[in-house]
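K.L.:
Provided below are the primary sequence and the corresponding predicted coordinates.
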Amino acid sequence: MKTIHSLSGGKTSSFMALNYPADYNVFALVTIDEVKCKPLDAGIVKYVSEKLNYDFIATAESDATLYAMRDLEQLLGKEITWVKGLSFEKVNRKATGGKGLPNQMWRFCTTEMKMRPIFDWWFKNIGEKVKMGVGFRYDEKERANNFTQSFKGITGKRGTLNRWEEIEWREGWFPLIEDKITHYPIYKWAQSSGISFPEDSNCVGCFWKPIQQLRKNWDNEPSKMQWFADQETNAQWKKEMSFEQVKKVGLQQDFNFGTGSGCQAGFCTD
């Protein structure tokens with residue numbers, strides 16, 4: 001059975017890729033169409049555009065993720081395949097007609113912008129059941145309970161309409177849980193890896209993240225957090241408060257920042 005690592009762009013999945021080799025390493029990037037969030041570095045824009053075969057504008061993730069995945073590929077000495085779905089704006093428009101936002105009860109964002117592009121790539125390039133490595137640590141092993149083996153995707157045409165099928169395409173592989181690897185050794189490895197990982201991986205405004213992490217991200221990623229705030233015309237990402245209100249919250253200096261989003265969808269992790 002072929003093996004695929006699903007990479008998040010953070011330390012944990014990168015550690016997994018380096019220490020538990022797989023046949024393929026795949027990274028799904030969440031894109032946005034906001035030119036105000038475009039990286040200033042024309043070189044990284046060109047690099048990402050070439051990796052995605054797409055005229056890259058910006059990402060809802062930290063720009064540090066782009067560099068981390070570029071540098072991880074050099075460290076691995078093996079290609080990392082980059083994939084993308086529709087932009088965040090297009091996904092949201094398609095799902096809600098612009099009248100809502102993904103939230104803890106309505107979690108279409110990870111499905112459409114992380115899982116679907118990896119599934120579509122798998123369907124086109126492999127097409128047989130695989131063993132998929134996901135970077136869940138031993139100290140968060142409960143997250144593996146939400147891992148799903150099947151996915152509903154487009155598998156062809158029926159006349160002029162898309163043919164959708166639920167396919168069992170993968171089984172879970174959790175090497176860090178199996179070997180009881182926790183956060184600290186990964187943190188120590190990252191410090192000496194030569195890779196500058198993002199302080200907080202995945203979408204900077206992910207609704208799974210605690211208020212204090214989102215508040216910190218206002219300092220680290222102001223243009224992207226403003227993009228998230230600007231989407232809240234008709235709805236809120238988090239039930240507790242709007243992202244503009246998050247901006248005004250006092251920063252708790254002893255908060256354990258950068259521990260990941262806690263997404264339960266089986267892909268996002270630090």
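P.N.:
That came through, no problem.
K.L.:
Give the burial count for the residue nearest to Leu72 when sequence neighbours are not counted, as a bare number.
P.N.:
Excluding its sequence neighbours, the residue lying closest to Leu72 (Cβ to Cβ, 6 or more residues apart in numbering) is Ser14, at 5.1 Å. For the C-beta atoms, the positions are set from N, CA and C on the backbone; glycine is no exception. Neighbourhood size, Ser14 [other Cβ atoms under 10 Å]: 31.
K.L.:
Could you do Thr12 as well?
P.N.:
26.
K.L.:
packing partners for the host helix or strand of Arg116?
P.N.:
Per DSSP states H and E, Arg116 falls inside helix 116-125. For helix 116-125, the elements it packs on are strand 3-7, strand 24-28, strand 81-83, strand 150-158, judged by 3 or more Cβ pairs under 8 Å, 6 or more residues apart in numbering; DSSP states H and E.
K.L.:
before we move on, back to that, check the gap between the residue nearest to Leu72 and Ser62 for me.
P.N.:
14 Å (Cβ to Cβ, to the nearest Å).
K.L.:
can you pull the pLDDT of the spatially most distant residue from the centre of the chain?
P.N.:
Computed with Cα atoms, centre = their mean, the residue of the chain farthest from its C-alpha average is Gly159, at 34.2 Å. On the pLDDT scale, Gly159 is placed at 79.
K.L.:
one step back: next SSE after the helix holding Arg116?
P.N.:
Defined by DSSP H and E, the subsequent element after helix 116-125 is strand 130-134.
K.L.:
Now do that following strand against helix 116-125, angle only.
P.N.:
Angle, strand 130-134 to helix 116-125, by axes from the mean of the first three to the mean of the last three Cα atoms, to 10 degrees: 150 degrees.
K.L.:
So which elements touch strand 130-134?
P.N.:
Using 3+ Cβ pairs under 8 Å, 6+ apart, strand 130-134 is in contact with strand 3-7, helix 11-19, strand 170-173.
K.L.:
That one: partners in the sheet, and parallel or antiparallel?
P.N.:
If you go by DSSP bridges, strand 130-134 pairs up with strand 3-7 (parallel), strand 170-173 (parallel).
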